[in-house]
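Undergrad: I would like to see how this sequence folds:
(one chain, ligands or ions: 1)
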Amino acid sequence: MNWDGKVVFLTGASSGIGEALALAIAKRGGTLGLVARRRERLEDLSNRCKAYDGKTRVFDLDVTDEAAVYQAADEMRSEFGRIDILIANAGIGGNDEETRAYHPPSVKKVIDINLLGAVNAVHAVLPGMIDRGEGQIVAISSLAGFRGLPRSAAYSASKAGMTAFFESVRLDVRNKGIDVTIIQPGFIRTPLTAGRANRMPFLMELEDAVPLFLKAIEKRKRFAAFPWRLATIVRAGKFMPAWLYDRIAGRARYRE
Ligand code: NAP
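TA: You can find the predicted model right below:
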């Protein structure tokens, strides 16, 4: 796949994985709609993308605002003619006491941003892709969505929901020229994982992870999970009986 001239709508662009992907895509000639809440960070990123001659548009909005996400996608289409790729990446860890205590508004916030924010983005781009008979939708889900993790109920639920949602979409758009790629990373060093006391097995550096994200998108994979060692363990966990899973995962101090 050639990124040159591809029009990409990227949520969660202002830091971490989204920021790194934006720069990598701009470097390869892609055009970017940069979505997040922190405008200053997006403007700064936009300038860095432009240094690679990448075209950008900045949209400072909250992905839980359905109308704002729709309008942003519409403005992208008006300016650049189409959206080729959606990368639904915006997300939070919800790594706080309230969320861990199942405080409903805190859990709702995680699910609103991680799952329903991604739904808003799909709703905003998919009809245009279906009309054109081409496009790609990419979900940045997580290995945390395979099975419930301890002290991570909201995050695990949001990512399990995200994986299931995008898999259903993939089935719905089969034969419509649209590919759906679900990426399930393990731990990557970003602001989301920064400062956590918990053990993060097989923690990856962002620069090592970016080529894996790009490869999954370029190959239009249905699923990609990495790093491979953690992905293998997590996949094996999926097939464990509950008593065995409880014994192993209950002991582990994993979080998102
Ligand atoms: P990050 O550095 O904290 O970036 C999160 C991004 O999401 C930021 O750009 C943030 O921008 C944006 N965002 C958060 N809430 C938003 C909202 N309501 N509306 C619009 N944008 C919002 O974290 P990251 O590690 O790069 O995470 C990116 C994605 O990868 C997340 O979905 C995360 O769950 C997933 N993931 C991360 C890891 C990991 O280990 N890092 C592993 C698996 C999956 P603003 O604050 O400016 O809005």
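Undergrad: so the longest strand seen in the chain, near the ligand or not?
TA: Longest among the strand segments of the chain by residue count, using DSSP state E, is strand 178-185. Yes - counting by C-beta under 6 Å from any ligand atom, the ligand has neighbours in strand 178-185: residue 185. (Each C-beta comes from the backbone N, C-alpha and C, glycine too.)
Undergrad: ditto for stretch 89-98
TA: Yes - between stretch 89-98 and the ligand, judged by C-beta under 6 Å from any ligand atom, the touching residues are 89-92.
Undergrad: can you point out the buried residues in that stretch?
TA: Neighbour counts using 16 or more other C-beta atoms under 10 Å place 89-95 of stretch 89-98 among the buried residues.
Undergrad: list the residues that contact the residue nearest to residue 158 when sequence neighbours are not counted.
TA: What sits nearest to residue 158 in space, not counting adjacent residues and going by C-beta to C-beta, 6 or more residues apart in numbering, is residue 114, at 3.6 Å. Contact analysis of residue 114 by C-beta atoms under 8 Å, 6 or more residues apart in numbering lists 90-92, 155, 158-159, 161-162.
Undergrad: quick one: average pLDDT of the following helix or strand past the longest strand of the chain?
TA: Read in the C-terminal direction, the helix or strand following strand 178-185 is helix 206-218, with elements assigned using DSSP states H and E. Per-residue pLDDT over helix 206-218 has a mean of 98.
Undergrad: ok, stretch 89-97 next?
TA: On average, stretch 89-97 scores 94.
Undergrad: give me the contacts around it.
TA: Counting contacts by C-beta under 8 Å, 6+ apart, the residues outside stretch 89-97 that touch it are 10-13, 17-18, 21, 35-36, 63, 106-107, 109-110, 113-114, 117-118, 121, 138, 140, 154-155, 158, 192-193, 196, 255-256.
Undergrad: what's the answer for stretch 62-74, then?
TA: Taking C-beta under 8 Å, 6+ apart as the criterion, the residues outside stretch 62-74 that touch it are 9, 11-12, 33, 35, 37, 59, 61, 83, 90, 112-113, 116-118, 120-121, 123-125, 128.
Undergrad: near the ligand at all, it?
TA: Yes - taking C-beta under 6 Å from any ligand atom as the criterion, stretch 62-74 and the ligand are in contact, through 62-64.
Undergrad: now tabulate the buried residues of stretch 89-98 in CSV and tack on distance to residue 69.
TA: Formatted as CSV, those follow (distance: C-beta to C-beta, whole Å):
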residue, distance to residue 69
89, 13
90, 10
91, 14
92, 16
93, 21
94, 20
95, 25
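Undergrad: so which of the residues of stretch 89-98 next to the ligand is the closest to residue 235?
TA: residue 91 (21.5 Å; C-beta to C-beta).
Undergrad: just the element for that closest one, please.
TA: Applying DSSP H and E as the criterion places residue 91 outside every helix and strand.
Undergrad: tell me the mean pLDDT for the longest strand of the chain?
TA: Mean pLDDT, taken over the full extent of strand 178-185, equals 98.
Undergrad: can you check stretch 40-49 too?
TA: For stretch 40-49, the per-residue pLDDT averages 98.
Undergrad: excluding chain neighbours, what is closest to residue 170?
TA: The spatial neighbour of residue 170 that comes closest, neighbours along the chain excluded (C-beta to C-beta, 6+ apart), is residue 180 at 3.6 Å.
Undergrad: neighbours of residue 46, how many?
TA: Residues near residue 46, counting by other C-beta atoms under 10 Å, number 20.
Undergrad: ok, it to residue 55 distance?
TA: Summarising the geometry, the distance separating residue 46 from residue 55, computed by C-beta to C-beta, to the nearest Å, is 10 Å.
Undergrad: now residue 15
TA: From residue 15 across to residue 55, the span is 21 Å (C-beta to C-beta).
Undergrad: residue 135 bridge partners, please.
TA: Under the criterion DSSP bridges, residue 135 forms beta bridges with residue 178.
Undergrad: get me the contact residues on the stretch 151-256 of the chain for the ligand.
TA: 185, 187-188, 190-193.
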